[in-house]
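Visitor: this one's sequence-less:
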């Protein structure tokens, strides 16, 4: 899932893979998703042409709905959304 753009995952997922196109590492400081980790996840920086990939593990299976999250490296007016369906 694009770190700054959000995306879709399946109901019941226990983790989310984020890709970071920035040359700096990025922390996801908060999320409205139930089961989100209490320690803010750190997504590695892009190296050369290879995007940084970070896996966020959830403490409970993803339930259907739309959940926002706040990455500290994205300059978007609206927080990105994780759509679970």
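Guide: Structure received. Since we're looking at a predicted model, the values are computed, not measured.

Visitor: Not counting its own residues, what contacts stretch 28-43?
Guide: 3, 18, 20, 25-27, 52-54, 56-63, 67-72, 82, 84 (C-beta atoms under 8 Å, 6 or more residues apart in numbering). C-betas here are computed from N, CA, C, even on glycine.

Visitor: For the residue lying farthest from the centre of the chain, grab phi and psi.
Guide: Relative to the centre of the chain, and counting by C-alpha atoms, centre = their mean, the farthest-placed residue is residue 48 at 21.3 Å. For residue 48, the backbone dihedrals are phi 60, psi -120 (criterion: degrees, to the nearest 10).

Visitor: ok, it to residue 2 distance?
Guide: 18 Å (C-beta to C-beta, to the nearest Å).

Visitor: now residue 45
Guide: 15 Å.

Visitor: now do residue 32
Guide: With the distance defined as C-beta to C-beta, residue 32 ends up 18 Å from residue 2.

Visitor: Kindly report the same for residue 40.
Guide: From residue 40 to residue 2 the distance is 18 Å (C-beta to C-beta).

Visitor: Make a PyMOL selection of the buried ones in the contacts of stretch 28-43.
Guide: To isolate the buried ones among these in PyMOL, judged by 16 or more other C-beta atoms under 10 Å, type:
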select buried, resi 3+18+20+26+52+54+56+58+62+67+69+71+82+84
